[in-house]
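# Using only what follows, build the 3D model:
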Amino acid sequence: MAYDVERIRSLYPALRSDRVWLDGAAGTQSPTSVIEAIADVYRSGTSNAGGGFASSRAADAITRDAREAVADLVGASDPTGVVLGPNMTTLTYRFAQALADTWHAGDNIVVSRLDHDANVRPWLQWADRARVDVRWAEVDTQTGELPVEQYTDLLDARTRLVAVTAASNVLGTRPDVRAITDAAHSVGALAYVDGVHATAHGVVDVVELGSDFYATSAYKWDGPHVGCVIAKPELLESLRPMKLAASSDAIPDRFEWGTPSYANFAGVTAAVNHLAKLDDSASGDRRARLVTSLTAAHEHESRLLNRILDAFDSDARVTVYGRPKARTATVYFTVAGQSPNQTADRLDQHGINAWSGHNYAWEVTQAMGIRDKGSAVRASLAHYSNGADVDRLLAALKP
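Purely as a prediction, here's the structure:
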């Protein structure tokens, strides 16, 4: 088999334990190649970037390599449009500030109930400061879909931004992002797409998505805690974020505050290189190998997901939230007679890592009427999950 999940699993030290890791939506495990890439930077010595000596030039090269790797991962044409930071939430707040400086009273922005709060709250808070109206795209609480048709009524000539997720971190829903970004662009608005959950579960092409900004986090796809926002350099040039007077005003440096972890940047590159080798048959340049490997990984995850959904459908005690047509391998569920925390505790007793609660899907859990009841339990598969993981989950949930 070109996609050999047992070979892939052998590359992750954490998977040698007897735990079942169904918590990928909260952060994946790292393969040895990523761990060693980070450690090697510390072993060889670190310096800040921008100097004329060898270790400083090495920091410059590490940063450049990370930008190029992320650009390949998401299909961006220009690595200088890749902004790196500590996490997606921090970077989104930075962009919210920079974009809000271009808004005026009477303008409006559109956010969605489907999104993780990191792609909602920064926009709400800066909209309030800028005295800009906020409009909401609502979720179909039965299916978990984000209907595209509503955007026709939500958008107008004063819309400045549309923020939308590429995949729900709890329901797994993959909305029609291209239709939404096209609608945004038709009225002259920008589209900020949260790809944190989506990037780990299939091929991403920011050109096809039509995103003006695409946000992702390396720790969701086997890397360290580094956030990334990808945009066209000319768009970044038009924004003036807060920054120190002495710091670089170049693109993308002006969005990157303080001294970063160059070791973690090396881990980003290693993670992308690892993803490009998930499928043994992958060939060509790194982008081509990523497309082959992540397509195979998505198909593998989908097979495992269908096993879980079929089993849950045959168990009257289990309620699954959201039945979207397009989805990631993520299941949000409750078991009758148990609180979500009790179910998660039971899974833990069987050696299974799975989260309960709202998982920062603050708006959709409220819309579904479950946030104040402990929300639900999330089982999130990753490209290294296998059939035995599914067997353990289903066995642990038996009455």
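# need the helices for this protein, in chain order.
Applying DSSP state H to the chain gives helices spanning 5-9, 32-44, 54-74, 88-100, 121-130, 150-154, 177-186, 206-209, 233-237, 262-275, 286-313, 340-349, 362-367, 387-396.
# Could you list which residues are in contact with residue 309?
Contact analysis of residue 309 by C-beta atoms under 8 Å, 6 or more residues apart in numbering lists 320, 331. Where you see a C-beta, it was placed from the backbone N, CA and C, and this is true even at glycine.
# Over to the one 4 residues further on?
Residues in contact with residue 313, defined by C-beta under 8 Å, 6+ apart, are residue 320.
# mind putting the helices of the chain in TSV, mean pLDDT included?
Formatted as TSV, the helices of the chain follow (pLDDT from 0 to 100):
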stretch	mean pLDDT
helix 5-9	98
helix 32-44	98
helix 54-74	97
helix 88-100	98
helix 121-130	98
helix 150-154	97
helix 177-186	98
helix 206-209	98
helix 233-237	98
helix 262-275	98
helix 286-313	98
helix 340-349	98
helix 362-367	98
helix 387-396	98
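# Tell me which of those helices lies nearest to residue 215.
Closest of the helices of the chain to residue 215 is helix 88-100, at 4.8 Å (criterion: C-beta to C-beta).
# wait, isn't residue 276 in contact with residue 283?
No. With contacts counted by C-beta atoms under 8 Å, residue 276 stays clear of residue 283, the gap being 10.3 Å.
# what's the closest of the helices of the chain to residue 23?
Nearest to residue 23 among the helices of the chain is helix 340-349; the distance by C-beta to C-beta comes to 10.0 Å.
# Which of the residues in that closest one are classified as buried?
Residues of helix 340-349 classed as buried: 340, 343-344, 346-347 (neighbour count, 16 or more other C-beta atoms under 10 Å).
# can you redo those residues as CSV with distance to residue 382?
Formatted as CSV, these follow (distance: C-beta to C-beta, whole Å):
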residue, distance to residue 382
340, 21
343, 20
344, 18
346, 22
347, 16
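# okay, the helices of the chain in JSON lines with distance to residue 223 next?
As requested, these are exported to JSON lines (distance: least, C-beta to C-beta, whole Å):
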{"stretch": "helix 5-9", "distance to residue 223": "16"}
{"stretch": "helix 32-44", "distance to residue 223": "6"}
{"stretch": "helix 54-74", "distance to residue 223": "9"}
{"stretch": "helix 88-100", "distance to residue 223": "13"}
{"stretch": "helix 121-130", "distance to residue 223": "23"}
{"stretch": "helix 150-154", "distance to residue 223": "33"}
{"stretch": "helix 177-186", "distance to residue 223": "23"}
{"stretch": "helix 206-209", "distance to residue 223": "18"}
{"stretch": "helix 233-237", "distance to residue 223": "22"}
{"stretch": "helix 262-275", "distance to residue 223": "3"}
{"stretch": "helix 286-313", "distance to residue 223": "14"}
{"stretch": "helix 340-349", "distance to residue 223": "26"}
{"stretch": "helix 362-367", "distance to residue 223": "26"}
{"stretch": "helix 387-396", "distance to residue 223": "21"}
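# Ranking those helices by mean neighbour count, which comes first?
Per-stretch averages of neighbours, counted by mean count of other C-beta atoms under 10 Å, single out helix 262-275 among those, with a mean of 25.
# Look up how far residue 350 lies from residue 268.
Between residue 268 and residue 350 the computed distance is 34 Å (C-beta to C-beta, to the nearest Å).
# For residue 377, which residues count as its bridge partners?
Beta bridges link residue 377 to residue 333, residue 356 when assigned by DSSP bridges.
# tell me the contacts of it?
With C-beta under 8 Å, 6+ apart, residue 377 has these contacts: 332-335, 340, 343-344, 347, 354-356.
# Can you lay out those residues as CSV showing distance to residue 230?
Output for the contacts of residue 377, formatted as CSV (distance: C-beta to C-beta, whole Å):
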residue, distance to residue 230
332, 28
333, 33
334, 36
335, 39
340, 34
343, 37
344, 34
347, 35
354, 30
355, 27
356, 32
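# Closest one to residue 399 out of those, please.
residue 335 (9.0 Å).
# Relative to residue 232, how far out is the closest one?
Computed as C-beta to C-beta, the residue 335 to residue 232 distance reads 47 Å.
# Extract the C-alpha trace of stretch 99-117 and format it as PDB.
This file holds the C-alpha atoms of stretch 99-117, laid out as PDB (Å, rounded to 0.1, in the frame of the first residue of the first chain):
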ATOM      1  CA  LEU A  99      -7.600  46.000   9.300                       C
ATOM      2  CA  ALA A 100      -9.800  47.800  11.800                       C
ATOM      3  CA  ASP A 101      -7.700  50.900  11.300                       C
ATOM      4  CA  THR A 102      -9.100  50.900   7.700                       C
ATOM      5  CA  TRP A 103     -12.700  50.700   8.800                       C
ATOM      6  CA  HIS A 104     -15.100  53.600   9.400                       C
ATOM      7  CA  ALA A 105     -18.400  54.000  11.300                       C
ATOM      8  CA  GLY A 106     -21.200  52.600   9.200                       C
ATOM      9  CA  ASP A 107     -19.100  49.900   7.700                       C
ATOM     10  CA  ASN A 108     -19.900  46.300   8.600                       C
ATOM     11  CA  ILE A 109     -18.200  42.900   8.900                       C
ATOM     12  CA  VAL A 110     -19.600  39.400   8.700                       C
ATOM     13  CA  VAL A 111     -18.600  36.500  11.000                       C
ATOM     14  CA  SER A 112     -20.100  33.000  11.300                       C
ATOM     15  CA  ARG A 113     -21.600  31.000  14.200                       C
ATOM     16  CA  LEU A 114     -19.700  28.000  12.800                       C
ATOM     17  CA  ASP A 115     -16.200  29.400  13.600                       C
ATOM     18  CA  HIS A 116     -13.800  28.800  16.400                       C
ATOM     19  CA  ASP A 117     -13.800  31.800  18.700                       C
END
